[in-house]
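*Asks:* Please find the sequence and the predicted model below.
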Amino acid sequence: MAGRERWLSWLRGRRGLVTWWVLISCTAVNGLVVGYGSLHFLQFSLSRGDHLVSGGGYAAAGAVLAVAAAGAAGWRAPVSVVLGSAVLAVGSAACAVWSFGVAARFPPDAGRDGPWDGVGGVLAGPWTWLLLLCGSLGVIRLIGRRRGP
């Protein structure tokens, strides 16, 4: 345990602050690119599947950012990181709800596009996996701290 703690000590302090913000920003922008980009580039021929892809991208980014917020709290990151990630997660979730709501108004089509295409687009970024790893380890630390020694 001590070796892993020493290896991951870069998640605290000034270097950790920069690391958290870079990972959170990249994931949020990736969610925006997948969510908004799937609609913006096809604005004249939108279908139900396009809105489902958009909603999947927003939902995946929101879920990763929520794990990051909890994990940053576990690593005792500054409050700005925890709140910033939480606000971005709530914003992504709101965009996902909106996009799924618009998709529900379209008639069912025979297209193969679905929300998992958007989820895959967000999870394709390597920074997303690093943020999930750091966030998950922080959640484990947070749970262990709550249970006591």
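*Replies:* Good, I have the coordinates.

*Asks:* Not counting sequence-adjacent ones, nearest residue to Leu39?
*Replies:* Nearest non-adjacent residue to Leu39, counting by CB to CB, 6 or more residues apart in numbering: Ser54, 5.2 Å away. From N, CA and C alone the C-beta is placed, and that goes for glycine too.

*Asks:* Now do the contacts for that neighbour.
*Replies:* 34-36, 38-39, 95, 99, 118 (CB atoms under 8 Å, 6 or more residues apart in numbering).

*Asks:* Filter the residues you listed down to the buried ones.
*Replies:* Applying 16 or more other CB atoms under 10 Å to those, the neighbour count classes 34-35, 38-39, 95, 99, 118 as buried.

*Asks:* Return the subset of these lying in helices.
*Replies:* 34-35, 38-39, 95, 99, 118 (DSSP state H).

*Asks:* just those now: which is nearest Ala70?
*Replies:* Cys95 (20.4 Å; CB to CB).

*Asks:* got the contact list for that closest one?
*Replies:* 35, 54-55, 58, 62 are the contacts of Cys95 under CB under 8 Å, 6+ apart.

*Asks:* Please enumerate the helices of the protein.
*Replies:* Counting by DSSP H, the helices of the chain are 2-7, 13-40, 48-74, 79-105, 115-123, 126-147.

*Asks:* what's around Gly111, how many residues?
*Replies:* Counted with other CB atoms under 10 Å, the neighbours of Gly111 add up to 12.

*Asks:* Got the phi and psi for Ala124?
*Replies:* Dihedral angles of Ala124 (phi, psi; degrees, to the nearest 10) stand at phi -70, psi -20.

*Asks:* And it, what's its pLDDT?
*Replies:* The model reports Ala124 with a pLDDT of 94.

*Asks:* Next up, the contacts around the closest residue to Leu32 other than its chain neighbours.
*Replies:* Nearest non-adjacent residue to Leu32, counting by CB to CB, 6+ apart: Ala61, 7.5 Å away. For Ala61, the contact set (CB under 8 Å, 6+ apart) comprises 27-28, 30-32, 34-35, 88, 92, 122.
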